[in-house]
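*Asks:* Any chance you can model this:
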Amino acid sequence: MTSTVPLPDRKALYRIPEAMALLSLSRSVIYEQIRASRLRTVKQGRTRLVPAAAIAEYVALLERESLKGAA
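*Replies:* The predicted structure follows:
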């Protein structure tokens, strides 16, 4: 497992509205993916945050599923 260090110009954690914008998904779809354990989140107090690595992992998951469906 490789360790990812956030770049200075990128955030390490994104709020749900930011993740929605990055992934071009609606709020309900984001929470559906979180409930299905397809999008990992962390909590800081009452705030749910999406790690930058989790966004990259989710995109990779979608790519793998897309390739599997095309085969």
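*Asks:* what ranges do the helices span in the chain?
*Replies:* Taking DSSP state H as the test, the helices found in the chain are 16-23, 27-35, 52-70.
*Asks:* Relative to V42, how far out is the most centrally placed residue in the chain?
*Replies:* In the chain, the C-alpha nearest the mean C-alpha coordinate belongs to I55, at 2.7 Å (Cα atoms, centre = their mean). I55 is 12 Å from V42, where distance means Cβ to Cβ, to the nearest Å. For the C-beta atoms, the positions are set from N, CA and C on the backbone; glycine is no exception.
*Asks:* Same question for G69.
*Replies:* 30 Å.
*Asks:* Neighbour count for these two, which is higher?
*Replies:* The residue with more neighbours, out of G69 and V42, is V42; 11 against 7, by other Cβ atoms under 10 Å.
*Asks:* Return the residues in contact with the more buried one.
*Replies:* 13, 48-51 (Cβ atoms under 8 Å, 6 or more residues apart in numbering).
*Asks:* so what's it bridging to?
*Replies:* L49 (DSSP bridges).
*Asks:* Just among the contacts of V42, which is most surrounded?
*Replies:* Most surrounded of these: other Cβ under 10 Å gives V50, at 25 neighbours.
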